[in-house]
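Chemist: Here is a sequence with its predicted model. Questions after.
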Amino acid sequence: MLIAGFPAGAWGTNCYVVAPAAGEECVIIDPGQDATRGVEETLAKHRLKPVAVILSHGHLDHTASVMPICGARNVPAWIHPEDRYMLTEPEKGLGFSVGEQIMGTLTIGEPDDLRELSDGLPLEIAGMEFDVAHAPGHTRGSVTFRLPEKADIPSVLFSGDLLFAGSVGRTDLPGGSTAELFESLARVCLPLDDSTVVLSGHGPQTTIGRERAANPYLVKAAGGSGAAPQAPRRGM
């Protein structure tokens with residue numbers, strides 16, 4: 001398995017390129033602001049052919065490079081229907097303007113081939129099968145993508161802005177809900193094996209076991225005692 005990730009743009013959003021191996025077809029996850037160059041360099045370095053872009057949610061910091069990447073490579077993008085509107089009206093998903101300077105450098109809109117993700121339906125692309133789980137809380141249409149354990153390779157969860165190392169995604173933007181986020185943590189993350197590698201939308205790699213033990217939000221989602229954590233503010 002080949003997974004190459006890099007932070008992109010003003011928000012440091014992690015973009016991932018995933019393939020069974022070098023020289024094969026690949027999937028691009030969450031190409032945000034200024035991610036195009038990093039994607040192209042990764043494709044060239046590993047001799048990869050992109051066949052799809054998949055999006056954990058609709059916020060601009062995760063989707064800003066969808067149009068140029070899909071257009072240049074003639075590939076489809078996948079997003080949950082609840083977040084689809086943000087591709088054409090990104091500021092409605094933020095509740096504030098990100099500024100004319102940033103917006104002026106972006107190509108806003110839907111790619112020619114845009115497809116909708118469904119909760120619980122596996123996504124088979126590039127010789128890989130991603131388990132898709134609807135995980136609202138950060139946005140109404142947030143999802144996670146999980147590659148099941150295979151041979152000696154642990155399961156990998158691309159958590160978007162649901163779960164971070166030591167924290168979770170903010171819930172104070174339009175469509176956000178702290179109650180739904182805790183429900184998603186309990187339903188999507190807690191059943192996973194401790195060895196599951198978590199690759200999130202922002203920040204460093206972690207594991208479910210590490211977060212189960214020390215992340216106050218995941219501890220609370222599991223019914224742990226103690227004061228409720230402060231309202232999360234990470235992510236766009």
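Modeler: Thanks, I have it.
Chemist: Residue nearest the middle of the protein, spatially speaking?
Modeler: With the centre of the chain defined as its mean C-alpha position, the nearest residue by Cα atoms, centre = their mean is residue 160, 2.9 Å away.
Chemist: what about the longest helix in this protein?
Modeler: Determined from DSSP state H, the single longest helix within the chain is helix 36-46.
Chemist: Helices along this structure, start to end?
Modeler: 36-46, 60-63, 66-73, 100-103, 178-184, 208-214, 216-221.
Chemist: which residues of the chain score low on pLDDT?
Modeler: Of all residues in the chain, those with pLDDT under 70 make up the ranges 96-105, 225-236.
Chemist: what number of residues lie near residue 22?
Modeler: 12 (other Cβ atoms under 10 Å). Bear in mind the C-beta positions are built from the backbone N, C-alpha and C, glycine included.
Chemist: check contacts around it.
Modeler: Contact criterion Cβ atoms under 8 Å, 6 or more residues apart in numbering gives 2, 46, 47, 48 as the residues in contact with residue 22.
Chemist: do that again at 10 Å, thanks
Modeler: Taking Cβ atoms under 10 Å, 6 or more residues apart in numbering as the criterion, residue 22 is in contact with 2, 4, 45, 46, 47, 48.
Chemist: Need the residues you listed in a markdown table (columns: neighbour count).
Modeler: Written out in a markdown table, the entries for the contacts of residue 22 read as follows (neighbours: other Cβ atoms under 10 Å):
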| residue | neighbour count |
| --- | --- |
| 2 | 15 |
| 4 | 19 |
| 45 | 11 |
| 46 | 16 |
| 47 | 12 |
| 48 | 24 |
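Chemist: okay, among those residues, which ones form the most distant pair?
Modeler: 4 and 47 (12.1 Å; Cβ to Cβ).
Chemist: Overlap of the contact sets of those two?
Modeler: By the contact definition Cβ under 10 Å, 6+ apart, residue 4 and residue 47 are jointly contacted by 19, 22, 26.
Chemist: could you measure the last one against residue 19, distance?
Modeler: Using Cβ to Cβ, to the nearest Å, we find residue 26 at a distance of 4 Å from residue 19.
Chemist: Of these two, give the one with the bigger neighbour count.
Modeler: Between residue 26 and residue 19, counting by other Cβ under 10 Å, residue 26 is the more crowded of the two (30 against 25).
Chemist: The more buried one contacts residue 20, doesn't it?
Modeler: Yes: under the criterion of Cβ atoms under 10 Å, residue 26 lies in contact with residue 20, with a separation of 8.5 Å.
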